[in-house]
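Let's see this in three dimensions:
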Amino acid sequence: MTIRQLDEKVFIAGQLRPEEIAGLAERGLTLIVNNRPDGEEPGQPLGTEIEEAASAAGIEYRSVPIIRGIGPADADAMNEAIASTDGKVLAFCRTGTRSGLTWAVAQSNEGVAREEIEQKLIGAGVDPTPIAHLL
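You can find the predicted model right below:
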């Protein structure tokens, strides 16, 4: 699993497996945000499996499935999740891109400058073009 940093608090990754969760607690992560709907792809673990592994590792879990583009409710849910902890947050989806873009829209809604958001996305290897109109 490759974890990429967006800012001092938020990180993104591709699909997590339950057996990888315990190691995340050792890295100081306190909250996992799942941006994948169950059944999106054959063989992907269910959200409940990730949630159970997170709970066993002492990590909070939130499900914010992004199904058809990033909407206002998705950005609000991401902001609420990030604000709910003082610790580090790991958001994941199939590749990490959707999670990064959702974070970006959430940051924009909080008044963060477009240039700053785009710079952080690019630094994490995420192309901001798909959501440029929302920033």
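
Going by C-alpha atoms from here, please, whenever you check contacts or count neighbours.
Noted.

which residue is nearest the centroid of this structure?
A91 (1.9 Å; CA atoms, centre = their mean).

Quick check: it touching A13?
Yes: A91 lies in contact with A13 (CA atoms under 8 Å); the separation is 6.5 Å.

so what sits against both of these two?
Taking CA atoms under 8 Å, 6 or more residues apart in numbering as the criterion, A91 and A13 both touch S99.

Who are the contact partners of the residue nearest to the centre of the chain?
V10, F11, I12, A13, I32, V33, N34, N35, S99, G100.

Next up, phi/psi of the residue nearest to it when sequence neighbours are not counted, please.
Nearest non-adjacent residue to A91, counting by CA to CA, 6 or more residues apart in numbering: V33, 4.4 Å away. V33 adopts backbone torsions of phi -110, psi 120, taken as degrees, to the nearest 10.

isn't V33 right up against Y61?
Yes: assessed by CA under 8 Å, V33 is found in contact with Y61 at 6.0 Å.

how deep is Q119 tucked in, by neighbour count?
15 (other CA atoms under 10 Å).

and the residue lying closest to G58 once chain neighbours are set aside, what does it touch?
The spatially closest residue to G58, leaving aside those adjacent along the chain, is A25, at 7.2 Å (CA to CA, 6+ apart). A25 makes contacts with A57, G58, I59, as judged by CA under 8 Å, 6+ apart.
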